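K.L.:
missing the sequence, but the structure's below:
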């Protein structure tokens, strides 16, 4: 037999009652107004993503003094698979999605204004330093973050310098979001030519200085394993990695023309 319903709910179990609770205590954990407490949780870009997809880069500030700071350069963070925050720079402006370019290099490498050149040409650019000891694990998150809310996911290129060149090729070999790769001074890692069957037949641009014997030999071995369009641009005494952009200004123009041809001219 059920207990007689009480006028108000009691601490003990009872059947439902039609009587209202005498006093309603609205518990709020902070002083933030209730209407604003969940602000941002219904972001349309995030809501449209598939389960497990990477969120777009989260803006955490502007970058004063950068060549295109007034036109849309922002400091952003991307959440890695292990929960770590990867901080970089995003060059993006306007409401129309443009072809996207991911720049990867070591923490000590400087792109010498090259990201701003790409942006001024019409590309959305995400600049990220590599995180050791396993930067390859971060690659798919970075590429998805660039495409999920900022750049055109059908037009994505990756440019890597030094160790970043290795990550760019190995990452793109396993990720079909990547349409083309530009490698500046790849290392002699034997995994690079071995990754080419998975990357082929996508187009590939390589640049290396003859005085960097390891990178020059690596570029030749990668070229030999390519089945798609490939260009190897040799230089003399141009340095290594991102330094080649400063020592050979014509390299930036060559890369921009390559990107315009393969991921779309903005």
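P.N.:
Received, thanks. The structure displayed is predicted, hence computed values, not measured ones. Numbering: from 1, shown residues only.
K.L.:
so who does the closest residue to residue 94 other than its chain neighbours touch?
P.N.:
Nearest non-adjacent residue to residue 94, counting by CB to CB, 6 or more residues apart in numbering: residue 72, 8.0 Å away. In this view, the C-beta of every residue, glycine as well, is placed from N, C-alpha and C. Contact partners of residue 72, counting by CB atoms under 8 Å, 6 or more residues apart in numbering, are 91-94, 119.
K.L.:
mind putting the residues you listed in a markdown table, secondary structure included?
P.N.:
Formatted as a markdown table, the contacts of residue 72 follow (DSSP: H, G, I helix; E, B strand; the rest coil):
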| residue | secondary structure |
| --- | --- |
| 91 | strand |
| 92 | coil |
| 93 | coil |
| 94 | coil |
| 119 | helix |
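K.L.:
show the buried residues in the residues you listed.
P.N.:
Neighbour counting by 16 or more other CB atoms under 10 Å classes 91-92, 119 among the contacts of residue 72 as buried.
K.L.:
pick out the lowest-pLDDT one from the residues you listed.
P.N.:
Comparing pLDDT over those, the lowest score belongs to residue 92 (87).
K.L.:
before we move on, back to that, could you dump the contacts of residue 72 into CSV with distance to residue 216 added?
P.N.:
Listed next are these as CSV, based on distance: CB to CB, whole Å:
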residue, distance to residue 216
91, 30
92, 35
93, 37
94, 39
119, 30
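K.L.:
residues contacting the nearest residue to residue 170 once chain neighbours are set aside?
P.N.:
Nearest residue to residue 170, sequence neighbours excluded (CB to CB, 6+ apart): residue 195, at 5.3 Å. Contacts for residue 195 (CB under 8 Å, 6+ apart) come out as 169-170, 173.
K.L.:
just to revisit the earlier point, name the nearest of the buried ones among the contacts of residue 72 relative to residue 189.
P.N.:
residue 91 (29.1 Å; CB to CB).
K.L.:
quick one: the closest one and residue 116 touch, right?
P.N.:
Yes. Using CB atoms under 8 Å, residue 91 makes contact with residue 116 at a distance of 6.8 Å.
K.L.:
just among the contacts of residue 195, which is most surrounded?
P.N.:
Of all the contacts of residue 195, residue 169 has the most neighbours under the rule other CB atoms under 10 Å, reaching 27 neighbours.
K.L.:
distance check, that one against residue 129.
P.N.:
Separation of residue 169 from residue 129 (CB to CB, to the nearest Å): 18 Å.
K.L.:
quick one: the most centrally placed residue in the chain from residue 130, how far?
P.N.:
Nearest residue to the geometric centre of the chain (CA atoms, centre = their mean): residue 142, 3.0 Å. In this view, residue 142 and residue 130 are 10 Å apart by CB to CB.
K.L.:
shared neighbours, those two?
P.N.:
residue 104.
K.L.:
contacting residues for residue 238?
P.N.:
Per CB under 8 Å, 6+ apart, neighbours of residue 238: 209, 211, 244, 247-248, 251.
K.L.:
out of these, which comes closest to residue 147?
P.N.:
Out of the contacts of residue 238, the member with the shortest distance to residue 147 (by CB to CB) is residue 251, at 25.7 Å.
K.L.:
residue 124 and residue 94 touch, don't they?
P.N.:
No. Assessed by CB under 8 Å, residue 124 is found out of contact with residue 94, at 9.1 Å.
K.L.:
report pLDDT for the residue nearest to residue 94.
P.N.:
70.
K.L.:
and the helices in the stretch 101-250 of the chain?
P.N.:
114-121, 139-149, 163-173, 191-199, 213-225, 243-247, 250-263 (DSSP state H, counting those that start in this stretch).
K.L.:
nice, that's everything, thank you.
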